[in-house]
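K.L.:
my questions concern the predicted model and sequence given below.
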Amino acid sequence: MTEPPQTAEPTTPEPEATAPVPEARAPQTPAAVRRRAVLAGTAVSVLLILAIVFGSRLLRDFDSALLPYAVATVFLAFGVAYRYTVWVSAPGARRLFRQGWRSFFSVANFRRAPTALPRMIATYLGFQKFLGARSHARWAAHQLLFWGCVLAALITFPLTWGWFTFTSNTGDGPGYEMRIWGIKVLGFNALNIIGWLMFHGLDIAAVLVIAGASYFLWRRMKDRGAVTGQRFAYDLIPLIALIVISVTGLLLTFSSIFLHGGGYEFLAILHMVSVVFTLIYIPFGKFFHIVQRPAAVGMQLFKYTSRRKDGAGEELQTCRRCHEPIDTPEYVENLRGTMQDLKLDFDAWAEYCPRCKRVLRGNAYLTHVKKGFK
Amino acid sequence: MMGRTIFIDPGRCIGCQACVSACRECDSHRGKSMIHLDYTDEGHSVASLPTVCMHCEDPVAPCAEVCPADAILVTADGVVQQADTTRCIGCANCVNACPFGVPKIDLQAKLQMKCNLCYDRTAYGLAPMCATVCPTGALFYGTLDELRAERPGVQVADSFTFGDVVVQTGVAMVVPADKVQWPVPGGLPVVEINGVDVSGANPNQGGGARQEGVR
């Protein structure tokens, strides 16, 4: 078979291709990446331990009953930092990570679009508008799950670290003081609405999480699209874990209000075990998307800021054959660099749109493989 | 090596779009067709080319390799899945890196979608939707032996060249017997485009040297 010249519809001549400027970098060995990840994990864990010790005023405010939770968060910190480091060491993520932070720290970008970042954080991380485009029901359920988890994390993490304390000068209330790092921030009456909300924040979070997770569990059993390719450990365990945590948490309240504390100790241990296992599981399974999702903001910021050239309007790289827009020149250059890092040496193909790639391949087949195809 | 897979024979394709309609019925992406049917020389020829995901084996899944979110997973049986909905950030790296132009992206939903060989069907031994409905056998699902039982002596190729790179795929194409010893040209380097010779103008396209005896 000879060299395959390609033909396409005669329209307009093409400009010359632009050569990408690859950010050449020596490939990292898996051992080097692992070493860096262990270092990062250890550093973050040590920092967290120091933050717990000093944040709890040398453990004076630390609640020893919550020790297992605090230990689990240290393991969580190690696991997240370890996996994050491994993740951002891969060529695709590393380049995007660098571009995202470069866009973030660019003063010129900030001057041009000061509201871009807060808007993107609210859109992608807070209200997750993109989920609405996938399904309204999934968006609603995910919002319940998300805000429930955020509320629970904001309450429990500082509590287990001894950063928050709720104390009463009168011994058993109803006047309480909330202190952060030993500094009084709020005084409230435990019997009024503020007090009720303060002491039932986790119950509210549990209700939100149960509603959201139940919908997703139902969907995982009924929706044929979701059932295809789902895995028990990856897709179902996280939902079951959230429901177990929430239900055992609510049962603690139920026990103290209606059973006069009956079964409280057993429920407390059950709740603790489910929370500890879930915290340790976070870096390994589906929950890691919580850590990864901010990459969407970095990616969007990179694309958004590279689209907004000073006074020149939008600048997009177009397909070299059909002139349909592909993306910003910076994005295409970044992708070509990633492909070169990975030794995918057909990176010039990134300057053609997907359809033209298929058509050119079809033409090559037509011309050089099976002429009868015509 | 090739097990049960799709064999594409563009010479048999009549461009009827039955595969495109059937693909929409696949449970994992209901309502959206993931197969591409391109008329390669529209207005001059009725030639059409169906494109499913080729499930690249070597290099394994370039789309997954360039993914910054580790969203594209490859199953143990070599099927390159569509992006994990939890992880995909909608960056379109896979869309623009795929040498075959396969993945699609929904920019509103920030989600990549692509042919996953009808995993809900093939996992149970059923043929993918497209191969089930194709009236001419341009899309055949089965083993090479099963294909040859129907079409004695047919030859297939599962290697494609893109410049200097040879990509070996899980999905194969039917080729004439005298062309089987060479990888199928993938379209790169582009030496002529829109009637203009660009072979000398673009040094970034790779040398296009044939790699013999790769298959």
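P.N.:
Nice, thanks for sending it over. Residues are numbered from 1 along each chain as shown, chains lettered A, B, ... in the order given.

K.L.:
now the strands for chain B?
P.N.:
Here chain B has its strands, by DSSP state E, at B:5-8, B:36-39, B:48-51, B:56-58, B:104-106, B:111-113, B:139-142, B:155-162, B:165-175, B:184-188, B:192-193, B:196-197.

K.L.:
next one: the fourth one to chain centre, how far?
P.N.:
Read it as strand B:56-58. 11 Å (Cα atoms, centre = their mean, to the nearest Å).

K.L.:
give me the contact list for it.
P.N.:
B:62-63, B:78, B:80, B:99, B:167-170 (Cβ atoms under 8 Å, 6 or more residues apart in numbering or on different chains). The C-beta positions use only the backbone N, C-alpha and C, and glycine is treated the same way.

K.L.:
need these in a markdown table with pLDDT, can you?
P.N.:
As requested, the contacts of strand B:56-58 are exported to a markdown table (pLDDT from 0 to 100):
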| residue | pLDDT |
| --- | --- |
| B:P62 | 96 |
| B:C63 | 97 |
| B:G78 | 90 |
| B:V80 | 95 |
| B:P99 | 96 |
| B:V167 | 95 |
| B:Q168 | 95 |
| B:T169 | 96 |
| B:G170 | 95 |
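
K.L.:
tell me which two in the residues you listed are the farthest apart.
P.N.:
B:G78 and B:P99 (17.0 Å; Cβ to Cβ).

K.L.:
those two: which is more packed in?
P.N.:
Between B:G78 and B:P99, counting by other Cβ atoms under 10 Å in any protein chain shown, B:P99 is the more crowded of the two (27 against 17).

K.L.:
OK, contacts around that one?
P.N.:
Counted by Cβ under 8 Å, 6+ apart, B:P99 has contacts A:346, A:349, A:357, B:56, B:62, B:160, B:162, B:165, B:167, B:186, B:188.

K.L.:
residues touching the first one, list them.
P.N.:
Residues touching A:F346, when contacts are defined by Cβ under 8 Å, 6+ apart, comprise A:339, B:99, B:162-163, B:165, B:167, B:186, B:188, B:206.

K.L.:
any chance of those in a markdown table, plus distance to A:A268?
P.N.:
Below are the contacts of A:F346 laid out as a markdown table (distance: Cβ to Cβ, whole Å):
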| residue | distance to A:A268 |
| --- | --- |
| A:M339 | 53 |
| B:P99 | 57 |
| B:F162 | 61 |
| B:G163 | 64 |
| B:V165 | 59 |
| B:V167 | 57 |
| B:G186 | 62 |
| B:L188 | 63 |
| B:G206 | 64 |
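
K.L.:
give me the buried subset of the residues you listed.
P.N.:
The neighbour-count test (16 or more other Cβ atoms under 10 Å in any protein chain shown) marks A:339, B:99, B:162-163, B:165, B:167, B:186, B:188, B:206 as buried among the contacts of A:F346.

K.L.:
where in the chain is pLDDT low?
P.N.:
Using chain A here. Applying pLDDT under 70 to chain A flags the ranges A:1-27, A:308-314, A:372-374.

K.L.:
chain B, not that one
P.N.:
Chain B contains residues with pLDDT under 70 at B:1, B:191-215.

K.L.:
mind giving me the domain ranges of it?
P.N.:
As assigned by automatic domain parsing, chain B contains the domains B:1-52+B:118-142, B:57-114, B:144-205.

K.L.:
give me the contact status of the first one with chain A.
P.N.:
Which is domain B:1-52+B:118-142. Yes - contact of domain B:1-52+B:118-142 with chain A (Cβ under 8 Å from any Cβ of the partner chain) involves B:10-11, B:27-30, B:36, B:38, B:40-43, B:45, B:47, B:49, B:51, B:119-120.

K.L.:
mind giving me the domain ranges of chain A?
P.N.:
Listed domain ranges for chain A are A:22-89, A:316-373 (source: automatic domain parsing).

K.L.:
okay, those, which one's buried deepest?
P.N.:
domain A:316-373 (a mean of 21; mean count of other Cβ atoms under 10 Å in any protein chain shown).

K.L.:
tell me how far it lies from the chain's centre.
P.N.:
Relative to its chain's centre, domain A:316-373 lies at 31 Å (Cα atoms, centre = their mean).

K.L.:
the contacts of A:F346: which two are farthest apart?
P.N.:
Spanning the widest gap among the contacts of A:F346 are A:M339 and B:G186, at 14.7 Å by Cβ to Cβ.

K.L.:
need the buried ones from the residues of domain B:1-52+B:118-142 next to chain A selected in PyMOL.
P.N.:
Of the residues of domain B:1-52+B:118-142 next to chain A, the buried ones go into a single PyMOL selection, burial set by 16+ other Cβ under 10 Å:
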select buried, chain B and resi 10+11+27+28+29+36+38+40+41+47+49+51+119+120
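
K.L.:
from the residues of domain B:1-52+B:118-142 next to chain A, which land in helices?
P.N.:
B:119-120 (DSSP state H).

K.L.:
including distance to B:L144, could the domains of chain A go into CSV?
P.N.:
What follows is the domains of chain A, written out as CSV (distance: least, Cβ to Cβ, whole Å):
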stretch, distance to B:L144
domain A:22-89, 36
domain A:316-373, 18
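
K.L.:
in terms of secondary structure, what does the host helix or strand of A:H271 contact?
P.N.:
Here A:H271, judged by DSSP states H and E, is contained in helix A:264-281. Judged by 3 or more Cβ pairs under 8 Å, 6 or more residues apart in numbering or on different chains; DSSP states H and E, the packing partners of helix A:264-281 are helix A:67-89, helix A:237-258.

K.L.:
hmm, 10 Å instead?
P.N.:
Applying 3 or more Cβ pairs under 10 Å, 6 or more residues apart in numbering or on different chains; DSSP states H and E, one finds that helix A:264-281 contacts helix A:67-89, helix A:136-160, helix A:237-258.

K.L.:
buried sites along that helix?
P.N.:
By neighbour count with 16+ other Cβ under 10 Å, helix A:264-281 contains the buried residues A:267-268, A:270-272, A:274-276, A:278-281.

K.L.:
using CSV, write out every CA atom in that helix.
P.N.:
C-alpha atoms of helix A:264-281 as CSV (Å, rounded to 0.1, in the frame of the first residue of the first chain):
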residue,chain,number,x,y,z
TYR,A,264,-27.7,5.6,72.9
GLU,A,265,-24.2,4.1,73.5
PHE,A,266,-24.8,1.4,70.9
LEU,A,267,-26.2,3.8,68.4
ALA,A,268,-23.3,6.2,69.0
ILE,A,269,-20.8,3.4,68.3
LEU,A,270,-22.7,2.3,65.2
HIS,A,271,-22.8,6.0,64.0
MET,A,272,-19.1,6.5,64.7
VAL,A,273,-18.1,3.3,62.9
SER,A,274,-20.1,4.3,59.8
VAL,A,275,-18.7,7.8,59.8
VAL,A,276,-15.1,6.6,60.3
PHE,A,277,-15.3,4.1,57.5
THR,A,278,-16.9,6.6,55.1
LEU,A,279,-14.2,9.3,55.9
ILE,A,280,-11.4,6.8,55.2
TYR,A,281,-13.2,5.7,52.0
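
K.L.:
what about the following helix or strand past that helix and chain B, any contact?
P.N.:
Per DSSP H and E, helix A:264-281 leads on to helix A:288-292 as the next helix or strand towards the C-terminus. Yes - applying Cβ under 10 Å from any Cβ of the partner chain, one finds helix A:288-292 touching chain B at A:288-290, A:292.

K.L.:
what residues sit buried inside stretch A:171-185?
P.N.:
Neighbour counts using 16+ other Cβ under 10 Å place A:176, A:179 of stretch A:171-185 among the buried residues.

K.L.:
next: stretch B:77-91.
P.N.:
Neighbour counts over stretch B:77-91 (16+ other Cβ under 10 Å) mark B:78-91 as buried.

K.L.:
skipping its backbone neighbours, what lies nearest A:T123 in space?
P.N.:
Nearest residue to A:T123 in three dimensions, chain neighbours excluded: A:K129, at 5.1 Å (Cβ to Cβ, 6 or more residues apart in numbering or on different chains).

K.L.:
alright, that wraps it up for me.
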